[in-house]
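Peer 1: just coords:
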């Protein structure tokens, strides 16, 4: 460790450090302002406008009419009868929300089941190999999602590689339909977000103190018990972070259901986009986006609470 | 207290393993089946990309049936006027967004690491990272509503500026995080030395802090470049007529009968992503060692 060689700071160094910090402190607002102004004006203000839009009436050709209305929220559960204007329960949108939640949860669970062992395997390699593994996981993490999803499409199509191979082997005599099914969407989500699960778990396992594992074996724990009682609890922050990083983009996924689900298996993301596109119902789209946003915020708050609660428990 | 044998786990398991090939049941870190799963994950992650790339060199007409090696689809792609136009649009947006977001993120990172904690610092941190927490589709429709409102109320249209602004917003946190990480790792003694040697604040920053910070800035800029270059969802909803970026151009092409031209164009995009990830990765790693 390099940290050992650094001498303790002298009094003079401490004073100089304080001087430097004061100097930066003077200009802090000026330095941070440009970022805050850009994000505030073009990132946060649009979100607020969307809140306003969700309480307006839809314009006939897209856009909004400036009359207050809660129709957008009501239509989430009810549909107005065309003849007498009464509200009738209609689960159409609810079904799409439930499907999205189900697909996102299933994706998160499978990502965890595959991602945890992968991260653990990576963390127990010698350092040089570790870097290579991290690099291999990082590349898909940052690669173009549209292109990656198209690549999956090319493989699972009726005329795709998988069906071609199975036909050639004579295992099937007509192609298995995989594209435009829930299976295809799940596979796409899993493929898209797996690296998001592996990297945070790896980060927490890499720092783990393996003496604890040794202690466990000394106390006659089996491999399974060491995994359950020592390794998994220690990796918990990484596991929670990974689950969130998979769940949040998966529930709002747009590209994957668009390409692999066709028009038949809508998820929330595509539904929202549809309201701003062909359906021309901006208030409804805004309301649905807000409902999704609230769900994501709840998940994030849950994350903050579990992680800070843990830190307090450790210190207190 | 901990004896050396207990403190050095790696060393201990090495001595156990030393005489023969590694014996799995003596390796404390071994868990059955984990290696197999790791390999499966790699196959899952790379098989589609590899198939896509291999068939971009297909001389035949099919996207997934081999018709001999040929570069003809790359030639077709490079001669495609639409592809040129999309590449130009993408570069205009991406380069502007990368430069602006990196500058802004660098100064914000200095303000949030180089000082004592100041009131509002946490809020600033949350605001800067907010674009990471909002699902893409929500950013997309919110920006669309916003620009539509500006256009209808104030009759202002920024043209390509709309896309540049939105891209800048979501690039800022990607540029900010590596720069901030670098600043937190940097030790202050060199800056102090500069101050001791009568460097003005500006000189100390220009000659000492900035060069040391450069790897962080390059890594951040590379990430900002990738996320802007690759963005599809937000761009698709915000883009006006004629504002076709490369991902949008590829998407439009999937509506036509599929030819390996789409593989060739996709492979080019993947190549650009991989080059920039590698750059960012290597820069961030090298300085750590």
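Peer 2: All right, it came through fine. Just so we're clear, the structure is a prediction, and the values are computed from it rather than from any experiment.
Peer 1: For residue B:156, which non-adjacent residue is spatially closest?
Peer 2: Ranked by Cβ to Cβ, 6 or more residues apart in numbering or on different chains and with sequence neighbours excluded, the top spatial neighbour of residue B:156 is residue B:150, at 5.3 Å. C-beta coordinates here come from the backbone N, C-alpha and C atoms, glycine included.
Peer 1: any idea whether that neighbour is helix, strand or coil?
Peer 2: The local conformation at residue B:150, judged by DSSP: H, G, I helix; E, B strand; the rest coil, is helix.
Peer 1: Count the neighbours of it for me.
Peer 2: The tally of other residues near residue B:150 (other Cβ atoms under 10 Å in any protein chain shown) stands at 16.
Peer 1: With residue A:141 instead?
Peer 2: 17.
Peer 1: and what of residue B:206?
Peer 2: Counted with other Cβ under 10 Å, residue B:206 comes out at 13.
Peer 1: Quickly note the distance from it to chain A.
Peer 2: Distance from residue B:206 to chain A, counting by Cβ to the nearest Cβ, to the nearest Å: 14 Å.
Peer 1: distance of that residue from residue A:28?
Peer 2: 19 Å (Cβ to Cβ, to the nearest Å).
Peer 1: same question for the one helix or strand residue B:273 maps to, mean pLDDT?
Peer 2: Assigned by DSSP states H and E, residue B:273 belongs to helix B:260-288. Averaged over helix B:260-288, pLDDT sits at 86.
Peer 1: just stretch B:167-179 next, same as before
Peer 2: Mean predicted lDDT for stretch B:167-179 stands at 94.
Peer 1: same thing with stretch B:50-61?
Peer 2: 87.
Peer 1: again with stretch B:186-205
Peer 2: Mean pLDDT, computed over stretch B:186-205, is 80.
Peer 1: How about it, which residues are buried there?
Peer 2: By 16 or more other Cβ atoms under 10 Å in any protein chain shown, the buried positions in stretch B:186-205 come out as B:186, B:188, B:191, B:192, B:194, B:195, B:199, B:201, B:204, B:205.
Peer 1: part of a helix, is the third one?
Peer 2: Yes - checked against three-state DSSP, residue B:191 lies within a helix.
Peer 1: give me the number of residues near residue 277?
Peer 2: No chain in the question, so chain A it is. 15.
Peer 1: not what I meant, chain B
Peer 2: For residue B:277, using other Cβ under 10 Å, the count is 20.
Peer 1: measure it to residue A:195 for me?
Peer 2: For residue B:277, the distance to residue A:195 equals 11 Å [Cβ to Cβ].
Peer 1: any weak-confidence spans in the stretch 1-150 of chain B?
Peer 2: Residues of the stretch 1-150 of chain B meeting the criterion pLDDT under 70: B:1-26.
Peer 1: Find the closest residue to chain A in it.
Peer 2: residue B:135 (3.1 Å; Cβ to the nearest Cβ).
Peer 1: wait, is residue A:83 part of a strand?
Peer 2: No - the assignment for residue A:83 by three-state DSSP gives coil, which leaves it out of any strand.
Peer 1: Could you give me the buried positions within the helix or strand residue A:97 falls within?
Peer 2: Following DSSP H and E, one finds residue A:97 within helix A:92-123. If you call a residue buried by 16+ other Cβ under 10 Å, then helix A:92-123 has these buried ones: A:93, A:96-97, A:99-101, A:103-104, A:107-108, A:110-112, A:114-123.
Peer 1: thinking again about what came up before, could you dump the buried residues of stretch B:186-205 to TSV with secondary structure and distance to residue A:300?
Peer 2: What follows is those, written out as TSV (DSSP: H, G, I helix; E, B strand; the rest coil; distance: Cβ to Cβ, whole Å):
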residue	secondary structure	distance to residue A:300
B:186	coil	30
B:188	coil	33
B:191	helix	36
B:192	helix	39
B:194	helix	41
B:195	helix	41
B:199	coil	43
B:201	helix	38
B:204	helix	39
B:205	helix	35
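Peer 1: could these be laid out in TSV, adding distance to residue B:168?
Peer 2: Converted to TSV, the buried residues of stretch B:186-205 look like this (distance: Cβ to Cβ, whole Å):
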residue	distance to residue B:168
B:186	26
B:188	31
B:191	29
B:192	34
B:194	32
B:195	34
B:199	33
B:201	28
B:204	29
B:205	24
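Peer 1: Who are the packing partners of the helix or strand encompassing residue B:130?
Peer 2: Counting by DSSP H and E, the element that carries residue B:130 is helix B:121-133. Using 3 or more Cβ pairs under 8 Å, 6 or more residues apart in numbering or on different chains; DSSP states H and E, the elements in contact with helix B:121-133 are helix A:28-39, helix B:81-113, helix B:161-185.
Peer 1: Quick check, the residue in the stretch 201-316 of chain A closest to chain B?
Peer 2: residue A:252 (3.1 Å).
Peer 1: What is the burial count for the residue nearest to that residue when sequence neighbours are not counted?
Peer 2: Counting by Cβ to Cβ, 6+ apart, residue A:252 lies nearest to residue B:135, which is 3.1 Å off, once chain neighbours are set aside. The number of residues packed around residue B:135, counting by other Cβ under 10 Å, is 23.
Peer 1: I figured residue B:135 hits residue A:249, correct?
Peer 2: Yes - counting by Cβ atoms under 8 Å, residue B:135 touches residue A:249, with 6.6 Å between them.
Peer 1: Looking at chain A, which helix is longest?
Peer 2: helix A:282-315 (DSSP state H).
Peer 1: now stretch B:47-67: how far from the chain's centre is it?
Peer 2: Here stretch B:47-67 is found 26 Å from its chain centre; the criterion is Cα atoms, centre = their mean, to the nearest Å.
Peer 1: Report the contact partners of residue A:192.
Peer 2: The contact partners of residue A:192, by Cβ atoms under 8 Å, 6 or more residues apart in numbering or on different chains, come to A:145, A:148, A:149, A:249, A:250, A:253, A:255, A:256.
Peer 1: got the residue ranges for the strands in the stretch 51-200 of chain A?
Peer 2: A:56-58, A:64-68, A:78-80, A:87-89 (DSSP state E, counting those that start in this stretch).
Peer 1: what pairs with the third one, and is each one parallel or antiparallel?
Peer 2: Going back to what we said before, that points to strand A:78-80. Looking at strand A:78-80 with DSSP bridges, its partner strands are strand A:87-89 (antiparallel).
Peer 1: ok, back up a step: for the residue of the stretch 201-316 of chain A closest to chain B, give me its contacts.
Peer 2: Counted by Cβ under 8 Å, 6+ apart, residue A:252 has contacts A:268, A:269, A:292, A:296, B:135, B:136, B:137, B:138.
Peer 1: Now secondary structure and distance to residue B:251 too, for those residues, in a markdown table please.
Peer 2: Below are the contacts of residue A:252 laid out as a markdown table (three-state DSSP; distance: Cβ to Cβ, whole Å):
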| residue | secondary structure | distance to residue B:251 |
| --- | --- | --- |
| A:268 | helix | 20 |
| A:269 | helix | 15 |
| A:292 | helix | 23 |
| A:296 | helix | 25 |
| B:135 | coil | 19 |
| B:136 | helix | 15 |
| B:137 | helix | 15 |
| B:138 | helix | 20 |
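Peer 1: ok, now how distant is residue B:63 from residue A:123?
Peer 2: In terms of Cβ to Cβ, residue B:63 sits 38 Å off from residue A:123.
Peer 1: who's in contact with residue B:141?
Peer 2: Contacts for residue B:141 were tallied using Cβ under 8 Å, 6+ apart; they are A:50, A:272, A:273, A:276, A:285, A:286, A:289, B:237.
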